[in-house]
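S.K.: Give me a 3D structure for the following:
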Amino acid sequence: MAKEETHKKLDQLFADNKSKNFINHLVRSYFPVENVSRVLDKPKGSFECVLSKVKLISINEALSGAEDKDSVKKHLDAIFNPEAKSEIVPIKLPDTRLLGVTGSETDTFMCTELFSQFYSWVLAKFLKGDKHISWLLKDVNKRQFTGGKSSGRKNTIKGATYTLGDLGVLQAFKKTLK
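M.R.: Residues are numbered from 1 along each chain as shown. I've put the predicted structure just below:
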């Protein structure tokens with residue numbers, strides 16, 4: 001699925017009150033990147049992408065049938081290491097299935113390509129000032145959000161506050177009220 005199509009579909013799901021809770025769950029489960037893990041072995045039950053319904057393949061399955069094992073490793077490194085800034089190159093797998101990833105505290109799976117697009121969609125919403133996405137990500141600090149190691153500090157922005165003692169005119173007004 002193309003990036004624009006994915007973003008459009010995510011926007012539609014996010015705008016619909018019935019599916020908004022599901023998007024909330026995905027954001028909380030797949031952010032920060034430290035919450036996302038590769039699926040090493042095929043899980044029991046349905047193993048398909050939660051967004052596209054494409055059948056997925058585990059890493060062990062992919063490595064056992066892949067012609068070029070290094071390309072699989074490079075593909076995964078590009079997805080899980082945003083600081084490397086390497087382009088995610090599609091890989092040739094033994095069949096039509098795509099590699100799967102999962103988040104924390106969820107039983108959902110995403111294909112690596114859609115995870116990358118989902119991540120960029122959330123980041124774009126956050127940078128455009130979407131208050132709901134910002135609220136969902138309030139406990140994620142900057143380094144975690146960009147895939148770096150956590151510094152242990154929360155990245156919070158404190159708003160400006162004023163008191164009547166801040167300005168001379170207001171101080172004078174305060175005295176006249178007393």
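
S.K.: Show me where the protein has its helices.
M.R.: Counting by DSSP state H, one finds helices in the chain at the ranges 3-15, 17-30, 59-65, 69-80, 112-127, 131-136, 142-145, 168-177.

S.K.: what's the span of stretch 33-52, first residue to last?
M.R.: Here the two ends of stretch 33-52 are set 20 Å apart, with distance taken as CA to CA, to the nearest Å.

S.K.: Same question for stretch 12-19.
M.R.: 9 Å.

S.K.: Pull out the buried positions in that stretch.
M.R.: Neighbour counts over stretch 12-19 (16 or more other CB atoms under 10 Å) mark residue 14 as buried. Every residue, glycine included, has its C-beta placed from N, CA and C.

S.K.: Quick one: mean pLDDT over it.
M.R.: Stretch 12-19 comes out with an average pLDDT of 93.

S.K.: circling back: who wins for proximity to residue 51 among the helices of the chain?
M.R.: helix 112-127 (5.1 Å; CB to CB).

S.K.: Rounded mean pLDDT for that closest one, please.
M.R.: Rounded mean pLDDT across helix 112-127 is 91.

S.K.: Contacts for that helix, please.
M.R.: 1, 3, 6-7, 10-11, 14, 26-27, 30-31, 33, 36, 49, 51-52, 75-76, 79, 88, 90, 98-101, 110, 133-134, 137, 145 (CB atoms under 8 Å, 6 or more residues apart in numbering).

S.K.: Output the longest strand seen in the chain as PDB, restricted to C-alpha atoms.
M.R.: The longest strand of the chain (DSSP state E) is strand 98-102. Extracted in PDB, the C-alpha atoms of strand 98-102 (Å, rounded to 0.1, in the frame of the first residue of the first chain):
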ATOM      1  CA  LEU A  98       5.500  -9.900   4.600                       C
ATOM      2  CA  LEU A  99       7.600  -9.700   7.700                       C
ATOM      3  CA  GLY A 100       5.700  -9.000  10.900                       C
ATOM      4  CA  VAL A 101       6.200  -6.900  14.000                       C
ATOM      5  CA  THR A 102       4.300  -6.500  17.200                       C
END
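
S.K.: Quick one: list the elements packing against it.
M.R.: Contacts defined by 3 or more CB pairs under 8 Å, 6 or more residues apart in numbering; DSSP states H and E place strand 98-102 against strand 37-38, strand 56-57, helix 69-80, strand 109-111, helix 112-127.

S.K.: Alright, I will stop here.
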